[in-house]
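Student: structure, please.
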Amino acid sequence: MATVRTKRAMRGATGNALSVRFGIPTMEDDCDWLDARDAIDGPRPTVRTSVQDVQSRTILSYNESPDVSFDRSINPFIGCEHGCIYCFARPTHAYHDLSPGLDFETKLFVKRDAAQILEGELRRKGYDPKPIALGANTDPYQPIEREYRITRSIIELLAKVDHPVTITTKSDRVVRDIDLLAPMAAKGLVAVAVSVTSLVPEIAMTIEPRAPHPAKRLEAVRILVDAGIPTYVNIAPVIPAITDDEIEAIIARAAEAGASNVSYIPVRLPLEVAPLFRAWLDTHFPDRAAKVMAIVQSLRGGRDNDPNFFSRMRGQGPWAELLRTRFRIAKARHGFPSGRRVLALRCDLFRPPAGPQGELF
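Tutor: All right, here's what the predicted structure looks like:
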């Protein structure tokens with residue numbers, strides 16, 4: 001174990017059941033804006049977060065999914081301290097014989113040598129440059145990035161070789177790296193998407209307990225835009241009967257911040273996420289838990305989750321159509337382009353990293 005860090009007790013999952021898919025038996029930080037609550041409610045039990053190094057032979061993950069805009073991604077971290085209850089990456093912790101519940105939020109792994117591994121992969125003969133997605137799984141700017149700076153080291157390398165990259169985050173920490181991102185943006189090499197799920201702090205701190213305040217994220221959008229960096233706002237996910245009434249307000253705030261465009265995804269509940277989400281609903285929204293799940297199932301063809309390409313991102317049925325209609329009208333009202341237009345990043349500027357011998361000359 002590399003380090004052990006003491007954190008507040010605020011977490012997303014309400015339990016820590018282990019996965020049964022593999023025969024396993026069942027059962028200073030970004031939330032400083034919650035200090036006022038601690039002062040009122042008094043101290044709460046300490047929950048400790050452990051961070052461990054993990055060795056990887058490769059760092060680029062490739063996919064052939066037809067409904068995502070990238071074919072390769074990098075995940076500097078395994079697990080995520082933001083603790084978002086809906087996170088579709090939670091089931092990956094089962095591969096480490098750990099729970100997708102609290103373990104996912106408190107037992108983290110870091111790929112400390114990610115940039116060095118990436119340099120070797122970019123140097124390989126025949127490498128075909130296409131945009132790399134940072135944040136496709138867990139957040140590249142979660143709290144431990146402040147100490148480990150792995151995401152920054154990756155961006156430093158990509159900037160050096162003029163390789164395109166997209167970044168998805170729900171943290172305002174991304175503005176720390178404007179000194180790298182702004183010059184890349186001037187060359188058409190980067191786009192950033194900031195996730196905003198709710199504008200209501202009481203809801204945001206329940207859904208995403210250790211992520212920055214939504215106002216900080218929107219301010220980050222404004223700062224990035226002012227620096228000339230194409231920046232988008234993702235309303236992801238939309239949770240029926242909890243956050244869906246905020247769609248129009250979030251789009252309005254995104255427009256005020258200067259976002260290039262907005263997008264949304266209805267909540268997805270794959271594998272172990274579904275029971276975790278149900279338990280979370282019973283704890284925090286018992287008055288509407290049944291209603292939420294009924295709407296989720298109407299969006300997902302009668303199931304908790306729809307894994308099929310395309311429909312998994314859009315949903316189906318009357319509720320899905322209602323969301324699309326509201327979203328389309330709100331976008332038009334605030335002058336956003338129609339559809340899901342994404343900036344095409346340049347790939348022709350890429351120069352493979354020089355090898356150890358090349359650096360001698």
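Student: okay, CA-based contacts and neighbour counts for the rest of this
Tutor: OK.
Student: low-confidence stretches in the stretch 251-361 of the chain?
Tutor: By pLDDT under 70, the weakly predicted segments of the stretch 251-361 of the chain are 340-342, 356-361.
Student: quick one: the strands in it?
Tutor: Assigned by DSSP state E, counting those that start in this stretch, the stretch 251-361 of the chain shows strands spanning 262-266.
Student: mind listing the helices for it?
Tutor: Assigned by DSSP state H, counting those that start in this stretch, the stretch 251-361 of the chain shows helices spanning 273-284, 289-299, 311-314, 317-333.
Student: so can I have JSON lines of those showing distance to Ile203 and mean neighbour count?
Tutor: Shown next, in JSON lines, are the helices of the stretch 251-361 of the chain (distance: least, C-alpha to C-alpha, whole Å; neighbours: other C-alpha atoms under 10 Å):
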{"stretch": "helix 273-284", "distance to Ile203": "10", "mean neighbour count": "19"}
{"stretch": "helix 289-299", "distance to Ile203": "15", "mean neighbour count": "19"}
{"stretch": "helix 311-314", "distance to Ile203": "23", "mean neighbour count": "18"}
{"stretch": "helix 317-333", "distance to Ile203": "20", "mean neighbour count": "15"}
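Student: so which of these comes closest to Ala186?
Tutor: helix 317-333 (26.4 Å; C-alpha to C-alpha).
Student: the closest one packs against which elements?
Tutor: Contacts defined by 3 or more C-alpha pairs under 8 Å, 6 or more residues apart in numbering; DSSP states H and E place helix 317-333 against helix 247-257, helix 289-299.
Student: what residues does the last one touch?
Tutor: Taking C-alpha atoms under 8 Å, 6 or more residues apart in numbering as the criterion, the residues outside helix 289-299 that touch it are 239-242, 267, 278, 281-282, 303-305, 315-320.
Student: can you check stretch 237-252 too?
Tutor: 86, 196-199, 235, 262, 264-268, 288, 291-292, 295-296, 326-327, 330-331, 334.
Student: dump the C-alpha coordinates for that stretch into PDB.
Tutor: Written as PDB, here are the backbone C-alpha positions of stretch 237-252 (Å, rounded to 0.1, in the frame of the first residue of the first chain):
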ATOM      1  CA  PRO A 237     -27.000  11.000 -16.100                       C
ATOM      2  CA  VAL A 238     -30.600  12.200 -16.000                       C
ATOM      3  CA  ILE A 239     -32.300  10.500 -13.100                       C
ATOM      4  CA  PRO A 240     -36.100  10.400 -13.500                       C
ATOM      5  CA  ALA A 241     -38.200  12.000 -10.700                       C
ATOM      6  CA  ILE A 242     -35.000  13.300  -9.100                       C
ATOM      7  CA  THR A 243     -33.000  15.400 -11.500                       C
ATOM      8  CA  ASP A 244     -35.000  15.400 -14.800                       C
ATOM      9  CA  ASP A 245     -36.800  18.600 -13.800                       C
ATOM     10  CA  GLU A 246     -33.500  20.500 -14.000                       C
ATOM     11  CA  ILE A 247     -32.700  19.800 -17.700                       C
ATOM     12  CA  GLU A 248     -33.800  23.300 -18.900                       C
ATOM     13  CA  ALA A 249     -32.000  25.100 -16.000                       C
ATOM     14  CA  ILE A 250     -28.700  23.200 -16.600                       C
ATOM     15  CA  ILE A 251     -28.900  24.000 -20.300                       C
ATOM     16  CA  ALA A 252     -29.500  27.700 -19.500                       C
END
